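K.L.:
I would like the atomic coordinates for the input below:
(one chain, ligands or ions: 2)
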Amino acid sequence: MKYKVKGTATIHSNIQLAASKSISNRALILRALSNSPYPIENLSDCDDTRVMVEAFSSHDHLFDIGAAGTSMRFLTAYLSRIPGEWIITGTERMQKRPINVLVEALNAIGAHVEYLKTKGYPPLKIRGKALEGGEVFLSGGISSQFISALLMIAPTMEKGLIIHLEGNIISVPYIKLTLKMMAEFGVKSEWTGNTIKIFPNEYRPVKYTVESDWSAASYWYEIAALSNSAYIELKGLFKDSGQGDSKVAELFVDLGVSTEFTADGVILTKTDRVAKKMFHNFVNEPDLAQTFVVTCCLMNVPFLFTGLQTLKIKETDRIEALKVEMKKLGYVITDREDSILEWNGETCEPETNPVIATYEDHRMAMAFAPAAIKLPHLLIAEPMVVTKSYPNYWNDLKKVGFEIEEI
Ligand SMILES: O=C(O)C1=C[C@@H](OP(=O)(O)O)[C@@H](O)[C@H](O)C1
Ligand SMILES: C=C(OP(=O)(O)O)C(=O)O
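P.N.:
Residues are numbered from 1 along each chain as shown. Ligands and ions are numbered 1, 2, ... in the order given. Predicted coordinates for the structure are as follows:
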């Protein structure tokens, strides 16, 4: 199935933005660990959170978490301390996303986690038992989700946990988000240099409301930037957000979008500021890369983006997917060192009727659809991939005046 997308260049609307899946999935783990009686307010209704909710309400011993990286990593750690035998699996792609760093760390502190198919990858068999904890060394350069997963269960361990992070640490704001939320559930931590210490402690049940999703907001910044005139109110975002992707507000200043914070969220308006070239290291905001690649090309702003080393192990190889799909629209972008994407303004003949492939990656669909503002129309293949993080995406686009036709 494909969607034919026609954009609109004048937008005046308000959107109740999707809830953050990163916060929702952390809140579900912390709610369980604190034996909280309170429901979580504004919990995301996306696939990645639904699989967590289903896992928590299931009496089964086998969990299929689909394509959800956070759910795979957080539940592996969570289940490793629940007595019983558990199997956790996911999509074919999930079975190609590495998990060895987390499994090795868990086994080093007393867990029993085994690979069922391929060493280093899901599916996993977990024999859960109380964990002793202590001290553990792990790479900080593959996925911060391994670190978040360990941190959340750390206070329940007999000795607590000292985590020594080795090498460069990627996606740091996500680790900080985890520590912030743990503190909100009553557990403090100490982070000095490359070492994070968590002492044995009990989580406190709290009433928790999930903030809207700043990564999802990025597609609205893109829409505002590509429009001729925009006034877009996004509800449920806070100025002092724990989400690293709130950086999007600052990054879009030079792409012609200004942000005003209100009591309810943010208001985006279109300005006429346009950078000559954009430079950014995305090591802290990997999920924003696709948004900026598409926006910059369509605005004719050359770019040099670094810090993209984790993009190859996300829902798809996003470096490859971006190069192939941007070429269909007539933009030649190049990559280097598995971590850099550059566009120096080089163009090629665009396809007459480009169909953007989405590679089971929600962000491919969401980052490319706004390009329809600048093109007569655009076809997006397998558009329902958006349900991974933002199920209402297409309805929200319709609300602001996009025409979406199923073909
Ligand atoms: O902890 C989280 O909620 C996330 C961490 C990031 O992953 P990595 O740490 O693997 O970069 C990010 O890409 C993902 O969408 C969500
Ligand atoms: C990388 C992502 O998700 P995850 O790793 O949680 O599957 C994402 O949402 O862009």
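K.L.:
List the residues that contact K159.
P.N.:
E132, G133, G134, P200 (C-beta atoms under 8 Å, 6 or more residues apart in numbering). For the C-beta atoms, the positions are set from N, CA and C on the backbone; glycine is no exception.
K.L.:
what does the stretch 101-250 of the chain put close to ligand 1?
P.N.:
S143, S144, Q145, S148, I170, S171, Y174 (C-beta under 6 Å from any ligand atom).
K.L.:
So which residues on the protein come close to ligand 2?
P.N.:
Neighbours of ligand 2 within the chain, by C-beta under 6 Å from any ligand atom: A68, G69, T70, D287, K314, E315, R363, S389.
K.L.:
Count the residues that sit near L237.
P.N.:
As a burial measure, L237 scores 23 neighbours (other C-beta atoms under 10 Å).
K.L.:
what do you get for the one 10 residues further on?
P.N.:
Residues near K247, counting by other C-beta under 10 Å, number 18.
K.L.:
cool, and S148?
P.N.:
Other residues lying near S148 total 27 when counted by other C-beta under 10 Å.
K.L.:
That one and R26 touch, don't they?
P.N.:
Yes: with contacts counted by C-beta atoms under 8 Å, S148 reaches R26, the gap being 7.1 Å.
K.L.:
Tell me the residues that contact both of those two, please.
P.N.:
Common contact partners of S148 and R26 (C-beta under 8 Å, 6+ apart): T70, F74, L177, T178.
K.L.:
Just send those residues back as CSV, with secondary structure and pLDDT too.
P.N.:
Compiled in CSV, the shared contacts of S148 and R26 are given as follows (DSSP: H, G, I helix; E, B strand; the rest coil; pLDDT from 0 to 100):
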residue, secondary structure, pLDDT
T70, helix, 98
F74, helix, 99
L177, helix, 98
T178, helix, 99
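K.L.:
Quick one: the helices in the stretch 101-250 of the chain, in order.
P.N.:
Taking DSSP state H, counting those that start in this stretch, the helices of the stretch 101-250 of the chain run over residues 144-153, 172-184, 214-226, 248-251.
K.L.:
tell me the pLDDT at the residue nearest the centre of the chain?
P.N.:
Central residue of the chain (C-alpha atoms, centre = their mean): D287, 5.4 Å from the mean position. Note on D287: pLDDT of 98.
K.L.:
re the thing from before, looking at the residues of the chain next to ligand 2, which has the most residues close by?
P.N.:
When neighbours are counted by other C-beta under 10 Å, R363 leads these with 30 neighbours.
K.L.:
Show me which of the shared contacts of S148 and R26 is closest to ligand 1.
P.N.:
T70 (4.7 Å; C-beta to the nearest ligand atom).
K.L.:
Make sure that closest one is actually in contact with N25.
P.N.:
Yes: the pair T70 and N25 passes the contact test of C-beta under 8 Å, sitting 4.6 Å apart.
K.L.:
Quick check: neighbours shared by these two?
P.N.:
D48.
K.L.:
Now do the strands in the stretch 101-250 of the chain.
P.N.:
Applying DSSP state E, counting those that start in this stretch to the stretch 101-250 of the chain gives strands spanning 112-115, 124-128, 134-139, 161-166, 190-192, 195-198, 229-235.
K.L.:
Where does the stretch 1-150 of the chain get nearest to ligand 2, residue-wise?
P.N.:
G69 (2.5 Å).
K.L.:
ok, that residue - contacts?
P.N.:
D48, M94, R97, S143, Q145, K314, E315.
K.L.:
Could you count how many residues lie near the third one?
P.N.:
R97 has 21 neighbours, counted by other C-beta under 10 Å.
K.L.:
For it, give me its contacts.
P.N.:
So R97 contacts G69, M72, Y121, P122, I313, K314 (C-beta under 8 Å, 6+ apart).
K.L.:
please redo it, this time with the cut-off set to 6 Å
P.N.:
I313 (C-beta atoms under 6 Å, 6 or more residues apart in numbering).
K.L.:
so what pLDDT did D240 get?
P.N.:
At D240, the model reports a pLDDT of 93.
K.L.:
I'd like the distance between it and ligand 1.
P.N.:
Remark: distance between D240 and ligand 1 (C-beta to the nearest ligand atom, to the nearest Å) = 18 Å.
K.L.:
Please apply the same query to R204.
P.N.:
Taking C-beta to the nearest ligand atom, one finds R204 at 22 Å from ligand 1.
K.L.:
Name the nearest residue to that residue, ignoring sequence neighbours.
P.N.:
Computed as C-beta to C-beta, 6 or more residues apart in numbering, the closest residue to R204 that is not its neighbour in sequence is G186, at 3.3 Å.
K.L.:
and what of T262?
P.N.:
E233 (7.8 Å).
K.L.:
isn't that neighbour right up against I267?
P.N.:
Yes: if you go by C-beta atoms under 6 Å, E233 and I267 touch, sitting 5.1 Å apart.
K.L.:
What strand or helix carries A263?
P.N.:
Using DSSP states H and E, A263 maps to neither a helix nor a strand.
K.L.:
Tell me how far it lies from ligand 2.
P.N.:
Going from A263 to ligand 2 by C-beta to the nearest ligand atom gives 28 Å.
K.L.:
Neighbours of that residue, how many?
P.N.:
Around A263 there are 5 other residues, counting by other C-beta under 10 Å.
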